[in-house]
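Trainee: Mind folding the following:
(chains A and B)
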Protein chains: 2
Amino acid sequence: MKRIMLTVSYNGTNYHGWQIQNNGITVQETLQTAISKVLGKDIAVHGCSRTDAGVHAKMFCCHLDCDDNIPFDAFLRGVNSLLPNDIAILNCENVESDFHARFNAMGKTYVYKILNSNKKDPFIAPFVWQIERPLNIDKMNEFCKNLIGTHDFYGFSSSGRTVEDTVRTVSECVVTKENDIISLKISGDGFLYNMVRIIVGTAVDVSDGRLEPDCALSVFETKLRENAGVTAPPQGLFLEKVYY
Amino acid sequence: MKRIMLTVSYNGTNYHGWQIQNNGITVQETLQTAISKVLGKDIAVHGCSRTDAGVHAKMFCCHLDCDDNIPFDAFLRGVNSLLPNDIAILNCENVESDFHARFNAMGKTYVYKILNSNKKDPFIAPFVWQIERPLNIDKMNEFCKNLIGTHDFYGFSSSGRTVEDTVRTVSECVVTKENDIISLKISGDGFLYNMVRIIVGTAVDVSDGRLEPDCALSVFETKLRENAGVTAPPQGLFLEKVYY
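Mentor: Got it, this is the predicted structure:
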């Protein structure tokens, strides 16, 4: 039995997230169907995380087991040709038999994109949260710098969380602007359910003056979700990189 | 009765083209529904051209009649908020009562994009024709320069054409490459059914050596569709500009 890791990229617009579920098509299901067809048997793939409906991934990792010696190049071509345009396998490599895409991940980087403009753009809309009023990058960054370090992010997560330990280390959290696009980039050793989207929503609430730039301190202390801001919509979120 | 012109942009991925039809959702229908809701009565919009299923428009013009003095800013906001993300009204202006979006158009510019790479990209895929083998830009341009001028483009159109006069003047036709993206830009006083897509497909056939760079001359002379190349797929095509 061989374990292999796939590096995948997907446009999440038309999917109910990564994880297989009953009420909608997911990336995991679509990928498993294509791989099973190429390998001629039912194959399960295990992802590095769940992504919500509508969230995108520039890089997502998953692993699978198979007993064949797969010629990687032909396998990649075969699966990619069966996959729809909005999912691509970028790479395929051998890993140790005890490797796990989720548990071996050392960290991740997410990027969230906001279109800060009153001009509607049909080509950018599926990949951004559009906000018309001007946002204050300095105040957003003032908020973001308080997230860096090791904290209990319980208050920055939603009730759907599936883990007990809610302490995470954020190594980078910065907001930049290029033309009309504001990007919030955040890296850390792990992220709770909806954590990035709540952080982005809180940064926007800080920019608008509904919350103070140091509000993260009280969210950490009180662990109260209501002390943080809104949950930003999914379509602006990209899983950018997974570290092993 | 006032006649107004709308400048629209749309991502054609999810539409059966511009023109209303029975077997699929079109941009015209979606736009009319939103405008009719805002104005409180049934409104018909008349487009500058038909675009095929899956074709995009950075700029598309249409006109409509209404007897109200519409406050343009509120009208734009209202209609845009009712429209899905993939259609946007960019501008709204008064025009003469005999103006017609189609018949007054002096010319158009189209851009067709080819992703010349073997790397699948889920974020670019809806907007390009992906071709893995390297294309020869010089040969494509050699073919393109023969299109410039006034010619009978009958052989560069499909049987679905709706006009008698198939003579058109092309003022610009050039192929450029930036990273992995090859763009064919073509401007002219008018375009026949599938004309740009057949020109792009022929340019690719010339690049591949299946047709000669001067093949346009025989297509003009014989008026035979089979002397031209394949019809390029719709998703790489953008109506870029309409001139009045």
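
Trainee: When you work out contacts or count neighbours from here on, use the C-alpha atoms and nothing else.
Mentor: Will do.

Trainee: Next secondary structure after the worst-scoring helix or strand of chain A on mean pLDDT?
Mentor: Lowest by mean pLDDT, DSSP states H and E among the helices and strands of chain A is helix A:72-82, with a mean of 94. Per DSSP states H and E, helix A:72-82 leads on to strand A:87-95 as the next helix or strand towards the C-terminus.

Trainee: where do the strands sit along chain A?
Mentor: A:2-10, A:46-47, A:56-66, A:87-95, A:107-115, A:129-130, A:149-152, A:167-178, A:181-188, A:237-243 (DSSP state E).

Trainee: Report all helices and strands that the third one contacts.
Mentor: So that's strand A:56-66. strand A:2-10, strand A:46-47, strand A:237-243 (3 or more Cα pairs under 8 Å, 6 or more residues apart in numbering or on different chains; DSSP states H and E).

Trainee: Going by neighbour count, which residues of that strand are buried?
Mentor: A:56, A:57, A:58, A:59, A:60, A:61, A:62, A:63, A:64 (16 or more other Cα atoms under 10 Å in any protein chain shown).

Trainee: related to what we said a few turns ago, export the helices and strands packed on strand A:56-66 to a markdown table and append columns for mean neighbour count.
Mentor: Below are those laid out as a markdown table (neighbours: other Cα atoms under 10 Å in any protein chain shown):
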| stretch | mean neighbour count |
| --- | --- |
| strand A:2-10 | 21 |
| strand A:46-47 | 20 |
| strand A:237-243 | 21 |
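
Trainee: Kindly reformat those as CSV containing mean pLDDT.
Mentor: What follows is the helices and strands packed on strand A:56-66, written out as CSV (pLDDT from 0 to 100):
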stretch, mean pLDDT
strand A:2-10, 96
strand A:46-47, 97
strand A:237-243, 98
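
Trainee: nearest to chain B, of those?
Mentor: Distance to chain B, taken as Cα to the nearest Cα, is lowest for strand A:2-10 among those, at 5.6 Å.

Trainee: how much space is there between residue A:157 and residue A:229?
Mentor: Taking Cα to Cα, to the nearest Å as the measure, residue A:157 falls 11 Å from residue A:229.

Trainee: Quickly list what's touching both of these two.
Mentor: Shared contacts of residue A:157 and residue A:229 (Cα atoms under 8 Å, 6 or more residues apart in numbering or on different chains): residue A:198.

Trainee: returning to what we had before: for residue B:68, which of the strands of chain A is the nearest?
Mentor: strand A:129-130 (30.6 Å; Cα to Cα).

Trainee: just checking, what packs against the closest one?
Mentor: strand A:107-115.

Trainee: Direction included, what does the strand it packs on pair against?
Mentor: Sheet pairing for strand A:107-115, assigned by DSSP bridges, gives strand A:129-130 (parallel), strand A:181-188 (antiparallel), strand A:237-243 (antiparallel).

Trainee: want to throw those into JSON lines with distance to residue B:19?
Mentor: Below are the strands paired with strand A:107-115 laid out as JSON lines (distance: least, Cα to Cα, whole Å):
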{"stretch": "strand A:129-130", "distance to residue B:19": "29"}
{"stretch": "strand A:181-188", "distance to residue B:19": "33"}
{"stretch": "strand A:237-243", "distance to residue B:19": "34"}
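
Trainee: just the residues of chain A that are near chain B, which are they?
Mentor: Within chain A, the positions lying close to chain B (Cα under 8 Å from any Cα of the partner chain) are A:9-11, A:80, A:85-90, A:119-123, A:125-126.

Trainee: could you flag which of those are buried?
Mentor: Using 16+ other Cα under 10 Å as the burial test, the residues of chain A next to chain B include A:9-11, A:80, A:85-90, A:120-123, A:125-126 as buried.

Trainee: Quick check: the two most widely separated of those residues?
Mentor: A:80 and A:120 (32.6 Å).

Trainee: Can you name the residues that contact residue A:154?
Mentor: Contacts of residue A:154 (Cα under 8 Å, 6+ apart): A:166, A:167, A:192, A:220, A:223, A:224, A:225.

Trainee: For PyMOL, what selects the buried ones among those residues?
Mentor: For the buried members of the contacts of residue A:154, the matching PyMOL selection, counting by 16+ other Cα under 10 Å, is:
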select buried, chain A and resi 166+167+192+220+223+225
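
Trainee: I'd like the distance between residue A:228 and chain B.
Mentor: Taking Cα to the nearest Cα, to the nearest Å as the measure, residue A:228 falls 28 Å from chain B.

Trainee: and that residue, how many residues sit next to it?
Mentor: 24 (other Cα atoms under 10 Å in any protein chain shown).

Trainee: domain assignment for chain A?
Mentor: A:2-95, A:107-243 (automatic domain parsing).

Trainee: how long is the last one from one end to the other?
Mentor: Using Cα to Cα, the span of domain A:107-243 from its first residue to its last is 5 Å.

Trainee: what's near enough to touch residue A:46?
Mentor: Taking Cα under 8 Å, 6+ apart, we find residue A:46 in contact with A:62, A:63, A:64, A:100, A:101, A:102.

Trainee: repeat that for 7 Å
Mentor: Residue A:46 sits next to A:62, A:63, A:64, A:101 when contact means Cα atoms under 7 Å, 6 or more residues apart in numbering or on different chains.

Trainee: want to throw the residues you listed into TSV with distance to residue B:204 and pLDDT?
Mentor: Listed next are the contacts of residue A:46 as TSV, based on distance: Cα to Cα, whole Å; pLDDT from 0 to 100:
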residue	distance to residue B:204	pLDDT
A:62	37	98
A:63	38	97
A:64	39	96
A:101	41	96
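
Trainee: of all these, which two lie farthest apart?
Mentor: Going by Cα to Cα, the pair spanning those furthest: A:64 and A:101, at 9.2 Å.

Trainee: I'd like the distance between residue A:148 and residue B:223.
Mentor: Distance of residue A:148 to residue B:223, given as Cα to Cα: 68 Å.

Trainee: do the same with residue A:115
Mentor: Counting by Cα to Cα, the gap from residue A:115 to residue B:223 is 48 Å.

Trainee: Grab the most central residue of chain A for me.
Mentor: By Cα atoms, centre = their mean, chain A has its centre lying nearest to residue A:239, at 3.5 Å.

Trainee: which ones are touching that residue?
Mentor: The contact partners of residue A:239, taken as Cα under 7 Å, 6+ apart, are A:56, A:57, A:58, A:59, A:109, A:110, A:111.

Trainee: Narrow the contacts of residue A:154 to those in helices?
Mentor: Among the contacts of residue A:154, the ones falling in helices (DSSP state H) are residue A:220.

Trainee: could you dump the contacts of residue A:154 to TSV with distance to residue A:134?
Mentor: Formatted as TSV, the contacts of residue A:154 follow (distance: Cα to Cα, whole Å):
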residue	distance to residue A:134
A:166	33
A:167	33
A:192	29
A:220	28
A:223	30
A:224	28
A:225	26
